[in-house]
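Peer 1: Give me a model of this one.
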Amino acid sequence: MREREWDHPLRPGQATVPLSRCGQWVTDLSGHVTKVRCPDRDCLNLAPLENSCIGAHPRDIGGRCPWTGVRVVDDRADKSEVRAF
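Peer 2: Below is the predicted model of the structure:
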């Protein structure tokens, strides 16, 4: 079975996660995604989206979330043309 990129150890600036893995997101009035639900099971918060990456946010068990800095890719669009925000 081929591993997906987001299954690899997280490397900020290199790793990506599809928007659908976040499960929930918030858009502004123009339709741009501004917050996403952190994919980490120890985070129950919406994290800010900064330059297409998950921004710093509080973690329920304390410490820095390992998903901070991971690029979010919009997979709602045509799968043949996946684009970042």
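Peer 1: in this structure, which ranges drop under the pLDDT threshold?
Peer 2: 1-13, 78-85 (pLDDT under 70).
Peer 1: check contacts around the residue nearest the centre of the chain.
Peer 2: Closest residue to the average C-alpha location of the chain: Val72 at 4.1 Å, with C-alpha atoms, centre = their mean. Val72 makes contacts with 16-19, 22, 33, 36, 49, 52-54, 84-85, as judged by C-beta atoms under 8 Å, 6 or more residues apart in numbering. Quick note: C-beta positions are derived from backbone N, CA and C, even for glycine.
Peer 1: Do I have it right that Cys38 meets Cys65?
Peer 2: Yes: the criterion here is C-beta atoms under 8 Å, and Cys38 meets it with Cys65 at 6.2 Å.
Peer 1: what's the overlap in contacts for those two?
Peer 2: Common neighbours of Cys38 and Cys65, counting by C-beta under 8 Å, 6+ apart, are 47, 54, 57.
Peer 1: Let me have the residues you listed in TSV, adding neighbour count as columns.
Peer 2: Shown next, in TSV, are the shared contacts of Cys38 and Cys65 (neighbours: other C-beta atoms under 10 Å):
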residue	neighbour count
Ala47	26
Ile54	29
His57	18
